[in-house]
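In: Turn this into a model:
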Amino acid sequence: MNAKVVAPRRGWRGAGSGRSPHADKGAVYLGTTSEVAGLYPFVLGAPLPPEGVPIGTDLLTREMVCFDPQGWVGRLVQNPGVWIMAQPGAGKSAIAKRISLVYSSYGSMIIVPGDVKGEYAPLVKGLGGQVVSIGRGLDRLNPLDSGPMKRKLHLLPEDRQQVLRAEINGRRSDLLHALLATPHGLGRRPTAPEANVVGAAVERVSEALSDDPVIPDVVRVLREGPKELWAKLLVDNVDDYRALVREVTLALENLCQGPLAGLFDGPTTQPLDLDAPALSVDLSAILTAGDQVVAAGLLATWAFAYGAIDSARALGMMNRPAVIVLDEMWRALRAGPGMVDAMDGMTRLNRNKGEVTLLITHSLRDPESLPTPEDRAKALGLMDRCDSLILGALSAGELERVNQQRPLTTEEQGLVASWSAPSITGVDGTNQRHPGRGKVLIKIGTRAGAPARLDLTEAETQLYDTDKAMRRKVSSE
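Out: Below is the predicted model:
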């Protein structure tokens with residue numbers, strides 16, 4: 001069989017010719033398909049496999065770029081984690097929502113365990129999912145809730161019940177230790193004696209109550225100071241006991257007072273519906289309380305959601321793959337070492353659970369600003385465990401930081417930097433559309449990056465246009 005190859009030549013009609021720029025048809029050559037096949041794809045490498053989520057057209061070849069970290073495990077990637085990073089306004093959340101929307105159609109459950117701005121709620125509602133709104137006068141979430149296990153635990157054999165109870169109490173203690181490390185707690189990691197006595201108090205109230213304990217129950221036991229807690233601290237009198245537990249007890253009380261009062265200090269008012277096609281824990285009602293409150297809220301809701309998912313999987317109540325969106329990561333990392341440890345544990349085993357975790361942030365400065373080398377290494381390890389990297393518009397300095405973690409070619413850095421903007425504030429003081437909006441570079445392992453442009457459909461624009469509220473505000477003024 002013969003094939004026709006056209007070798008194009010760019011041409012230009014000279015000035016005064018009255019003709020516009022054009023491309024000549026070029027010379028035509030004939031050859032067999034076995035010979036001509038060696039010419040394709042000419043000087044350009046093959047794009048990513050056409051599988052999974054359609055992102056948009058390749059900025060260089062105009063071919064469709066697709067993305068499928070879940071389906072590529074064992075072939076192109078070893079871990080389905082995805083690290084998404086770009087300047088504010090460049091479209092980080094938009095691409096996360098596109099991935100979520102398409103994976104939902106493939107049968108994955110979409111989980112947004114901490115929606116700081118409430119921007120995922122329209123998408124979740126559009127998918128027929130559940131939105132739990134945390135805030136005073138709204139829903140309340142008990143960080144010590146055992147989730148689906150409390151409905152099934154009594155049906156299991158006694159030895160299995162003991163194992164799962166120990167796991168539940170371990171998670172409860174770990175979460176309290178992490179909350180204590182936030183500024184609204186101790187502002188540091190609990191000492192060994194403090195961690196020991198808190199764990200013992202959790203076990204005591206869990207055994208004494210028929211329902212899930214709440215943080216005030218743990219505080220009450222610490223204040224009562226039963227002698228079994230003395231033994232945990234190797235003391236034999238109440239004065240020594242109180243001296244050792246005073247600070248941690250007051251710190252736990254702080255988690256139930258002030259700006260956090262009414263959020264996490266009582267029973268859960270609306271359990272997560274793990275049968276829903278999608279769910280979101282909306283934290284937008286506490287956004288005005290400050291970053292420290294939001295960080296504590298993220299820690300509690302992320303841990304609660306992950307615990308519920310793990311419990312449901314352990315009991316065979318949830319077998320679907322899931323996409324878990326961890327947006328606004330920078331807020332969480334600024335909460336301190338407790339958050340780093342919690343995030344490290346939550347995201348470590350996602351490959352074996354069929355979970356695609358989307359870790360979204362705008363800078364590597366936040367991990368690098370953590371107080372100890374161990375914390376910084378653990379935070380950057382979150383990025384290292386993501387085999388898929390999606391970069392939007394970033395400054396040259398930020399790309400250099402990325403390059404130290406995940407090598408980028410000079411051309412890739414130059415391309416992504418060309419999308420960035422030092423400022424997107426107009427002369428009238430209003431925010432302008434980011435010049436790199438929708439442009440992303442998708443890096444899979446060490447493969448050459450695929451630059452693509454994400455253009456939203458009309459339905460997507462209605463579901464998750466994060467600029468809508470801002471435009472309404474500007475027009476009203």
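
In: For the residue sitting nearest the centre point of the chain, name its beta-bridge partners.
Out: Centroid-nearest residue in the chain: L326, 1.7 Å away (criterion: C-alpha atoms, centre = their mean). The residues listed as beta-bridge partners of L326 by DSSP bridges are L359.

In: got the contact list for it?
Out: Each residue near L326 by C-beta atoms under 8 Å, 6 or more residues apart in numbering is listed here: 113-114, 302, 332, 343, 347, 357-360. (C-beta placed from N, C-alpha, C; glycine too.)

In: Please tell me how far it sits from G56.
Out: Distance from L326 to G56, counting by C-beta to C-beta, to the nearest Å: 23 Å.

In: Repeat that for H434.
Out: From H434 over to G56 (counting by C-beta to C-beta), the distance is 16 Å.

In: all strands for the chain, in order.
Out: Remark: strands assigned in the chain by DSSP state E are 2-11, 22-32, 53-58, 64-67, 82-85, 109-115, 130-133, 278-282, 322-326, 355-361, 388-391, 439-444, 450-453.

In: For the second one, the averaged confidence score.
Out: Taken as a whole, strand 22-32 has a mean pLDDT of 61.

In: again, but for stretch 399-416
Out: pLDDT averaged over stretch 399-416 gives 92.

In: Low-confidence regions, the chain specifically.
Out: 1-28, 36-47, 334-339, 342, 345-354, 369, 371, 422-432, 465-477 (pLDDT under 70).

In: how's it carved up into domains?
Out: Domain segmentation of the chain under automatic domain parsing yields 2-39, 53-108+321-424+431-476, 149-252.

In: Could you provide those in JSON lines, with additional columns for distance to S311?
Out: As requested, the domains of the chain are exported to JSON lines (distance: least, C-beta to C-beta, whole Å):
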{"stretch": "domain 2-39", "distance to S311": "54"}
{"stretch": "domain 53-108+321-424+431-476", "distance to S311": "12"}
{"stretch": "domain 149-252", "distance to S311": "4"}
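
In: wait, which of these is closest to L263?
Out: Comparison of those against L263 by C-beta to C-beta identifies domain 149-252 as nearest, at 10.6 Å.

In: Check the burial of Q87 by counting its neighbours.
Out: When neighbours are defined as other C-beta atoms under 10 Å, Q87 has 21 of them.

In: pretty sure it is touching P435, no?
Out: No. With contact defined as C-beta atoms under 8 Å, Q87 does not reach P435; the gap is 10.1 Å.

In: which neighbours do these two share?
Out: Shared contacts of Q87 and P435 (C-beta under 8 Å, 6+ apart): 393, 421.

In: on that earlier part again, looking at the domains of the chain, which is nearest to R136?
Out: domain 149-252 (15.4 Å).

In: Off-centre distance for that closest one?
Out: Domain 149-252 sits 29 Å away from the centroid of its parent chain (C-alpha atoms, centre = their mean, to the nearest Å).

In: tell me how far the ends of it are from each other?
Out: In terms of C-alpha to C-alpha, to the nearest Å, the two terminal residues of domain 149-252 are separated by 25 Å.

In: measure the residue nearest to the centre of the chain to H184 for me?
Out: 21 Å.

In: ditto for L380
Out: 26 Å.

In: Just the buried positions in stretch 178-197, please.
Out: Residues 178-186, 188-190, 194-197 are the ones in stretch 178-197 that count as buried (16 or more other C-beta atoms under 10 Å).

In: With stretch 318-329 instead?
Out: Quick answer for stretch 318-329 (16+ other C-beta under 10 Å): 318, 321-329.

In: In TSV: the residues you listed, plus distance to A452.
Out: Below are those laid out as TSV (distance: C-beta to C-beta, whole Å):
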residue	distance to A452
M318	32
P321	24
A322	25
V323	19
I324	23
V325	20
L326	23
D327	21
E328	24
M329	23
